[in-house]
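Asker: Quick one, fold the following:
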Amino acid sequence: MIGQESRQVERKIVAILKVLNDCPAPLGGRVIARRLSDLGIDLGERAVRYHLKLMDQQGLTQSIGRRDGRAITKSGIEELGSALVGDRLGLVTTKMKILAYQSSFDTDKRTGKVPVNVSLFSKDNFSQAVEAMGEVYKAGLYVSDQIAVAYEGENLGETIVPQGKIGLATVGNILILSTLLKAGIPVDHRFGGILQIRNHQPMRFVDLIEYSGSSLDPAEVFVAGKMTSVSQVAREGNGKILASFWELPAVARQEAEMLIKRLELDNAHGLIHLGKTGESVCEIPVSPNKVGLILTDGLNPIAAAVEAGLEVVNQTMSGIIDFGKLKSFWDLSMVKEP
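Answerer: Purely as a prediction, here's the structure:
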């Protein structure tokens, strides 16, 4: 019994460390409790504060500022990297489902909440980043051209933009997942990967990470590893982009295609390829009585900025934002019209 209780406490500590690690700014007990709730962890504000005191004593966290905000320490980051590895497997899949459930975008009314990734740029090179991303948006290598921008001290979803940074929120392909799930179509989101493009056509996946076996978003890993050539694809039609591979029941293929095309009317260009029943897609075998679906990833424009040599901190699957607060990428003051 003692061992079980100790393991439960450890899980709660790891969950709090994960929340703190995902945010560049200190967080208070109330915000931490709310974010834990979004992850399906029921731990009230009072309990969070109790665990934070223990974590302070262990050197995993430290108090910052007058409002009792906490930040993760170097020791906390090391602990997060090694603790309960088995428990963290599949965390990405769980987070995807939670965000899909929380999303509420209505294609007819163009209202509701959409899932976003948040990327943090140095304010000194943001205009360079926008220029690099522009050619990717021109080429249609994105999920949606709707974005949100926030400056230091401002909120972007639940992220507070740190000093010297500019935050950019981009729509993720979980928008498509949400649309399919809410239409009653079950989705098996299997892999995130690097998709080779030749003459503007998808050829094969050259690298894959299984969602169910990962504690990190594969796209975030590939961007950090500088494994893409999205800008080259935008210019020449050849190179490597970020993409996802999902499976759907074959009987739902026609309805799924219709729903995705409805999203395209709102300038959501996530679909790369929708296969046929049992047919391999880009050299990936497909389960019997299912169809393979390949989608572009919302981080492709951000990958282009990284390829240009710019430093970017990505926080994928960062939450949801009201669609009404977004604007077109082409409305940014430093953007040249396509």
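
Asker: Strands of the stretch 51-200 of the chain, start to end?
Answerer: 61-64, 69-72, 113-122, 146-151, 155-156, 159-160, 165-171, 188-198 (DSSP state E, counting those that start in this stretch).

Asker: Make CSV out of those strands and add mean pLDDT, mean neighbour count and distance to residue 316.
Answerer: In short, each C-beta sits where N, CA and C put it, glycine included. CSV is the format used below for the strands of the stretch 51-200 of the chain (pLDDT from 0 to 100; neighbours: other Cβ atoms under 10 Å; distance: least, Cβ to Cβ, whole Å):
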stretch, mean pLDDT, mean neighbour count, distance to residue 316
strand 61-64, 89, 17, 23
strand 69-72, 88, 22, 18
strand 113-122, 94, 25, 5
strand 146-151, 94, 20, 15
strand 155-156, 84, 18, 13
strand 159-160, 80, 20, 12
strand 165-171, 95, 25, 10
strand 188-198, 94, 22, 10
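
Asker: Columns distance to residue 291 on top of those strands, output as CSV?
Answerer: Shown next, in CSV, are the strands of the stretch 51-200 of the chain (distance: least, Cβ to Cβ, whole Å):
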stretch, distance to residue 291
strand 61-64, 46
strand 69-72, 42
strand 113-122, 23
strand 146-151, 28
strand 155-156, 36
strand 159-160, 36
strand 165-171, 24
strand 188-198, 11
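
Asker: and residue 327, which of these is closest to it?
Answerer: Closest to residue 327 of the strands of the stretch 51-200 of the chain is strand 146-151 (Cβ to Cβ; 6.8 Å).

Asker: Sticking with the closest residue to residue 195 other than its chain neighbours, tell me its helix or strand.
Answerer: Distances taken as Cβ to Cβ, 6 or more residues apart in numbering place residue 243 nearest to residue 195, at 3.9 Å, with adjacent residues excluded. According to DSSP states H and E, residue 243 maps onto strand 239-249.

Asker: picking that back up, ok, now which ones touch the residue nearest to residue 195?
Answerer: 192, 193, 194, 195, 202, 205, 272, 294, 295, 296, 297 (Cβ atoms under 8 Å, 6 or more residues apart in numbering).

Asker: Of those, which pair is most distant in space?
Answerer: Farthest apart among the contacts of residue 243 by Cβ to Cβ are 192 and 202. That separation is 14.8 Å.

Asker: which one's the longest helix in the protein?
Answerer: helix 2-21 (DSSP state H).

Asker: what's the following helix or strand after it?
Answerer: Downstream of helix 2-21, the next assigned helix or strand under DSSP H and E is helix 29-38.

Asker: Name the spans of the stretch 151-300 of the chain whose pLDDT lies under the cut-off.
Answerer: 158, 215 (pLDDT under 70).

Asker: can you give me the helices in it?
Answerer: Ranges of helices in the stretch 151-300 of the chain, per DSSP state H, counting those that start in this stretch, are 174-182, 218-224, 230-236, 253-264, 300-307.
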